[in-house]
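Q: Show me how the following folds:
(chains A and B)
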Amino acid sequence: MNIEAAPQAPLKVALVEDDAAFQEAFRTALAGAPDMAMVGVAATAAEARAMLSEPPVDVLVVDLGLPDGSGIDVIKEAHARWPGCAIMVATTFADERHVISSIEAGASGYLLKDSPLPTIAQDIRVLHAGGSPISPRIARQVLMRFRPDEKPVEQVEAAEAAEKSGVPSLSEREKETLQLITRGFSFEEIAELMGVSRNTVLTFVRRIYAKLEVRSKTEAVFEARAYGLL
Amino acid sequence: MASSRAAGLTQRQWFPWVAWVLAGLVALGVAFVIESRSGGVRITSARMTVIDTVGYQQPPAVSPATLHAGGKVVTMPHAPAPVWAPTADASPQRIATRVTWYALTVPPLPDDGRQLYLYVPRWKSDGTLAIYADGQLVRQSHANLQWNGSNEPLLVTLPRTNASHPPRTLDVRLQHVRGIGGAFSSVWIGTYRQLAPRYTIREILQVQLTSFSSFAFLATGVFAFFVWLSRRDEPIYLLYFLTSAVVFLRMLHTFVGMHPLIISDAWFGWITVISPYWMIIVLHLFVAELHGKRQPLLTGAAVLVGGFWTIATLPGLLDPTLLSAPVYSNLLVLGLIIAGNGVRQSIRFRSRDAMLLSVWCLITVVSGIYDLALQQNLISIESVFVSNFTGVGFTLLFWYIMFGRYIEALEAATRAKADLAQRLAQREAELAASYEKLREIERRELLHQERQRLMQDMHDGLGSTLVTALRAFEGDRAADLDAVGILRGCIDDLKLTIDSMEPVETDLLLLLATLRFRLQPRLEAAGVKLVWDAGEAPPLQWLDQRHALHILRILQEAFANILKHAGAREITVSVRAEDDHVVVRVQDDGRGFDHASPSRGRGLTNQRSRAEAIGGAIVWEPSDRGSRLALILPVSKPRGARSNL
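A: As a prediction, the model looks like this:
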């Protein structure tokens, strides 16, 4: 993890989290990182929305289980209001369902809550620099989403129609990357196997996440049309 | 509702019958009115002269003048009493014959030059007929000796020339077998308008009706025959065809014979006289088919009697025409027995159709008695053969029965369709219910197993670790404890448990990848390098969530041992497909350790039992450095492992 720390202005980081313990741990983690500055904390979705009307930050970390709503909605809104901001979902187990719906809402990474504090700061740095973490299971899920022939029959037609309407599909290299991830290889090993740099692999993943988000949006529109909502 | 519907059905069923009877009565009434309104002069007395002859001779061109002086006066219709068995010699050249002359005097008729006709309702003679007007031959039979169309009424056109007057005398010459025939009805003379109604009604009743119904019956019979060809297991259709064919043969003599036949008199006589036996036999079989109870003995007896007469009267043996009286008598007895039996059986086996047919057979037999009397000249020969009409009745009855069967078959098909749909729906519902039940059981079983699995897992792993830590804190030995390490271990345990609950869909590599993803931070923290050598692994069909957790725990234990005891710097994980197994090897470069040491005992037992539970095995392979654990997994479903359900 040799991403260079930002030379001049520190990264502006904001947190949406109702658990005081994690808030504290997060503060501590960032306090130990001179290249980062904690610029805002919201404990509820309402507070988060208020925060979103302020100037954008560089990295926003969102917990999904908020007392007054879903973190997914906060991510969606943040993605719309602060397009340049890298959004992370804070999760304990990195379970696929939550992570993938967060990515579809506009997040580009996740933060494991039980990570050692230095790892938290490092993960934020990596994300801001364009790298996204991905677990084998998430990789597999993403592969499934982009493979129309593995979908249930009634979705195939929708998928074919969606394809024509400009929904992005994965490139061969992106697919290969995902396949290697599902087989347990690390970014370094994948870079070596594919003959590219580690950074390239990271950008592949980031691009895959972006495509996942676009795809989910287009599919939503398409489904709305199919159901006569649009 | 149901009863009123049944009543409605009964009403509708009776309606056509009433309509038929009414139509028949109206037709009869019209016939009587027309008959009574027609005119003409009827001649009922004649002088009869009889001359015995041998063989047949052509009639003279002019009738003998002596006829009107001699002979004896008789009343027309006149029929001599026939003898029971007239002659033994049937050949036309040597047969004992007789010429019977009837000389009639015509009452004065207006001489206005109108065309005059003779109307003869019936002449009965097994032989020839010649009619003279004023001594001149005006009409003679030309076709056959015996089957000469005597059932057909005659309408004879009298000659009409520029010099002709109404005839004063009419002479009739019949040459016939001595002992039978020679009967002649009264004669009508008049204009066409006067005689045509009479003639036409008799012609329709006696000839056209039977001819039409015979042909129609035969046509439906042929249809039934083709039905039978495609449905061989339903002999009733064949019997229908046979009945129609036999009835047709029997009825032939009522509408042919005016012109030469294509077969000899002998064969035609055989067919006509013997066919009622065949009728009785096929009707008997048909009725049995209707009520469903066969009677082989009675059938055999009927076939025996019918067969006897059939063979005995073959041309060249006995002459059926000459023997018709005894033949018909015997026939009546057989018909009575068969018809009576049919009625009895129909009552016993409650068959309405069989009953109708049997009763009609009985009526036919009774009318056969009347016809026999008519044939034997016991009643006025101007009467009609009633069994011809019962023959028409057979046609209608058979149509009625077949119509009923057809309608019944259609209704049965409709019912069967509805039944089938209903049964199908019912079966579907049952299946859905039982499927739902199975699903429910399966779901409960799955939940139970899942609970068992997690409880067992937490009891062995997380639970015991936490309890150990708790005891340490309670005993103030917390300082000896790597509290962070213990908690991290607990969280890792939890993560693996959660991972094991996600489906892996037979993909062992994905499962191992997940394990690496979880363990990587700890390995990194311990400064151990992980070499990942994931080759190809075939899909493992048996790999479900329970099996997945076992595999994860076995390998987790292996890693924990290496980290704790081996002091290794590098761990290599390799996956290989070998024959019908997949082997996962975990090799370290540490000190190696004694697998039999007591401190390792519990973990080892755990790993072994888990491996056995999933049908695999654990082997420590010899290695130059460190130790090498091999987890051997079968590709196909392990026999030793308990199934998921």
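
Q: what does chain B put close to chain A?
A: Residues of chain B lying close to chain A by CB under 8 Å from any CB of the partner chain are B:488, B:491, B:494-495, B:498-499, B:502, B:507, B:509-510, B:512-514, B:516-517, B:520-521, B:525, B:532, B:534. Quick note: C-beta positions are derived from backbone N, CA and C, even for glycine.

Q: So what does residue A:112 have for phi and psi?
A: Per-residue torsions, residue A:112: phi -80, psi 130 (degrees, to the nearest 10).

Q: what about it, distance to residue B:521?
A: 9 Å (CB to CB, to the nearest Å).

Q: overlap in contacts of the two?
A: In terms of CB atoms under 8 Å, 6 or more residues apart in numbering or on different chains, residue A:112 and residue B:521 are both contacted by the residues residue A:119.

Q: Between those two, which is the more surrounded one?
A: Counted by other CB atoms under 10 Å in any protein chain shown, residue A:112 and residue B:521 do not tie: residue A:112 has more neighbours, with 19 against 16.

Q: Check whether that one really touches residue A:89, as I assumed.
A: No. Residue A:112 is beyond contact range of residue A:89, at 10.4 Å (criterion: CB atoms under 8 Å).

Q: domain assignment for chain A?
A: Per automatic domain parsing, the domain ranges recorded for chain A read A:11-128, A:136-226.

Q: what does chain B give?
A: B:41-199, B:216-415, B:502-634.

Q: and residue A:195, backbone torsions?
A: Backbone torsions of residue A:195, given as degrees, to the nearest 10, read phi 70, psi 40.

Q: ok, how many other residues are close to it?
A: By other CB under 10 Å, the burial measure for residue A:195, its neighbour count, is 7.

Q: now residue A:181
A: 29.

Q: which one is it nearest to, not counting chain neighbours?
A: residue A:139 (3.9 Å; CB to CB, 6 or more residues apart in numbering or on different chains).

Q: Torsion angles phi and psi at the one you found?
A: Backbone dihedrals for residue A:139, given as degrees, to the nearest 10, come out at phi -60, psi -40.

Q: ok, now residue B:102?
A: phi -120, psi 120.

Q: what's next to the helix or strand harbouring residue A:14, contact-wise?
A: Using DSSP states H and E, residue A:14 maps to strand A:11-16. Strand A:11-16 is contacted by residues A:23, A:26, A:30, A:35-43, A:45, A:47-48, A:51, A:57-63, A:66, A:71, A:74, A:90, A:124-125, A:128 when judged by CB under 8 Å, 6+ apart.

Q: cool, and stretch B:398-409?
A: Stretch B:398-409 has contacts (CB under 8 Å, 6+ apart) with B:217, B:220, B:224, B:240, B:243, B:244, B:290, B:353, B:356, B:357.

Q: which residues touch the fourth one?
A: Remark: with contacts taken as CB under 8 Å, 6+ apart, residue B:240 is in contact with B:220, B:221, B:224, B:286, B:398, B:402.

Q: Just to be sure, it is in a helix?
A: Yes. Counting by DSSP: H, G, I helix; E, B strand; the rest coil, residue B:240 is found in a helix.

Q: what pairs with residue B:50 across the strands?
A: residue B:100 (DSSP bridges).

Q: Now do the same for the helix or strand hosting residue B:300: mean pLDDT, whole number.
A: In this structure, residue B:300 is located in helix B:296-312 according to DSSP H and E. For helix B:296-312, the mean pLDDT works out to 88.

Q: wait, what's in contact with residue B:254?
A: Residue B:254 neighbours (CB under 8 Å, 6+ apart): B:151, B:206, B:207, B:210, B:211, B:385, B:388.
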